[in-house]
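Enquirer: Build me a model:
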Amino acid sequence: MGYEPTLSENGRIAYDPDIPLDESCYREASTADIFVLIVGGRYGSLASDDRTELSGDFYERYESITKKEYESAAKREIPMYILVESQVMSEFETYRKNKNNKNIDYAHVDSVNVFRFLDIILSRRRNNPVYQFSHYNEIESWLKEQWSGYFRELINRRSESKQLLSLNDKVAELSAINTSLQRYLEEVVSSLSTPEKAQEIIKSEHKKLLEEKVIREFSSISLVRELVDFGNLNLEEVIEAYGSAKSLENLAEMLGEISSGFVNADAAVDHWKRNPDVVDRINNGRSILGKSRLDFE
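Expert: Residues are numbered from 1 along each chain as shown. All right, here's what the predicted structure looks like:
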């Protein structure tokens, strides 16, 4: 259709000899302009950082390269277009009603992880359009419709850019007005109340503003957004875990518990030990919450 697909089988991925092959795939996925995910009956190969000893059991859980490519693109908010084979989607609905029943033989998928992957995709709040297909021409037609609509949206955004510049000026003006109003209200409260009552009200409002600022800064951290978006965790639960953890191992355990298995504590600790920059980002969140740095036990 006139686009340049990045496909490993076509030699389009530049592999780094110093890292596992699949890590190069994740890097490419995270730099794509558009990410097209086609979900069929095969879950895919084991990711290099997953140490599961595969036995071939249908219900065995592990991380596949395809799933991690998807996650790499999703973290960067790359536009997603997800196509699911109709027969797989039909069996997925059966799986949803029988999650705890391991006596069912599924005909169109080779691993229960396909269904778990679809669960994650469909639970996302945005950037997850899903289309069922039976033939390849349906894929082509749907993508053409979607991308023409996306192109129109980009044209509209261009025309709105001038309005945004004007809006930025107004926001700056409102910020100055807000500062003046805050000083004015403090003076009003002080004049209408006793000095002690006035100070109590002012301190209370300042505390609320500070708490809201902390929550905004904390929720903007990439690791926190991943837990909320992909693990469907409540932000308050993540804040509690970050704030009360006694060590990095303890934090991993707490996140594993509240995420119902989405976070594998042992795998998380192993990943953190190999990536000091992730530990720094974790402690950045601790700093925002006013907590001391976490280390390994």
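
Enquirer: What are the structural domain limits within this protein?
Expert: The chain breaks down by automatic domain parsing into domains covering 8-134, 160-207, 218-288.

Enquirer: hey, least reliable of those domains by pLDDT?
Expert: For these, mean pLDDT drops lowest on domain 160-207, to a mean of 66.

Enquirer: Quick check: which element contains the residue nearest to the spatial centre of the chain?
Expert: The chain has Glu226 as the residue nearest its centroid, 3.3 Å off, counting by Cα atoms, centre = their mean. Under the criterion of DSSP states H and E, Glu226 resides in helix 222-230.

Enquirer: And the next helix or strand past that helix?
Expert: From helix 222-230, the next helix or strand downstream (DSSP H and E) is helix 235-244.

Enquirer: I'd like the next helix or strand past that following helix.
Expert: Counting by DSSP H and E, the next helix or strand C-terminal to helix 235-244 is helix 248-258.

Enquirer: Quick one: work out the angle between that next one and helix 222-230.
Expert: 20 degrees (axes from the mean of the first three to the mean of the last three Cα atoms, to 10 degrees).

Enquirer: what's the following helix or strand after helix 248-258?
Expert: Following helix 248-258 in sequence, per DSSP H and E, is helix 265-274.

Enquirer: ok, which stretches of the stretch 51-200 of the chain are helices?
Expert: Secondary structure of the stretch 51-200 of the chain (DSSP state H, counting those that start in this stretch): helices located at 65-75, 86-97, 113-123, 136-192, 195-219.

Enquirer: The nearest residue to Tyr106 once chain neighbours are set aside and Glu71, how far apart?
Expert: Using Cβ to Cβ, 6 or more residues apart in numbering and skipping the chain neighbours, the partner closest in space to Tyr106 is Glu91 (5.1 Å). C-beta: built from backbone N, CA, C; applies to glycine. As judged by Cβ to Cβ, to the nearest Å, Glu91 and Glu71 stand 23 Å apart.

Enquirer: Tell me which of those two has more neighbours.
Expert: When neighbours are counted by other Cβ atoms under 10 Å, Glu91 and Glu71 differ, and Glu91 comes out ahead with 20 against 16.

Enquirer: need the contact list for the more buried one.
Expert: Tyr106, Ala107, His108, Val109, Phe115 (Cβ atoms under 8 Å, 6 or more residues apart in numbering).

Enquirer: Compare these and tell me which has the most neighbours.
Expert: Val109 (22 neighbours).

Enquirer: Backbone dihedrals for the closest residue to that one other than its chain neighbours, please?
Expert: Nearest residue to Val109 in three dimensions, chain neighbours excluded: Gly41, at 4.5 Å (Cβ to Cβ, 6+ apart). With angles defined as degrees, to the nearest 10, Gly41 sits at phi -90, psi -10.

Enquirer: my guess is Gly41 meets Asn113, correct?
Expert: No. Contact between Gly41 and Asn113 fails when scored by Cβ atoms under 8 Å: they sit 11.5 Å apart.

Enquirer: Neighbour count: the two, which is higher?
Expert: Neighbour comparison, Gly41 and Asn113: the larger count goes to Asn113, with 19 against 15 (by other Cβ under 10 Å).

Enquirer: contacting residues around that one?
Expert: Tyr43, Arg61, Tyr62, Ser64, Lys67.

Enquirer: just the residues you listed now: which is nearest Ile221?
Expert: Closest to Ile221 out of the contacts of Asn113 is Lys67 (22.8 Å), distances taken as Cβ to Cβ.

Enquirer: Please report how far Ile155 lies from Ser148.
Expert: 11 Å.

Enquirer: before we move on, what about Lys170?
Expert: 34 Å.

Enquirer: now Ala245
Expert: Separation of Ala245 from Ser148 (Cβ to Cβ): 48 Å.

Enquirer: more neighbours, these two?
Expert: Using other Cβ under 10 Å as the criterion, Ala245 and Ser148 rank with Ala245 on top: 19 against 10.

Enquirer: Which residue, other than its chain neighbours, is closest to that one?
Expert: Leu251 (3.7 Å).

Enquirer: give me every residue that touches the one you found.
Expert: So Leu251 contacts Ala241, Tyr242, Ala245, Ile282, Leu294 (Cβ under 8 Å, 6+ apart).

Enquirer: isn't Val228 right next to Val238, touching?
Expert: Yes. When contacts are counted by Cβ under 8 Å, Val228 is listed as touching Val238 (6.7 Å).
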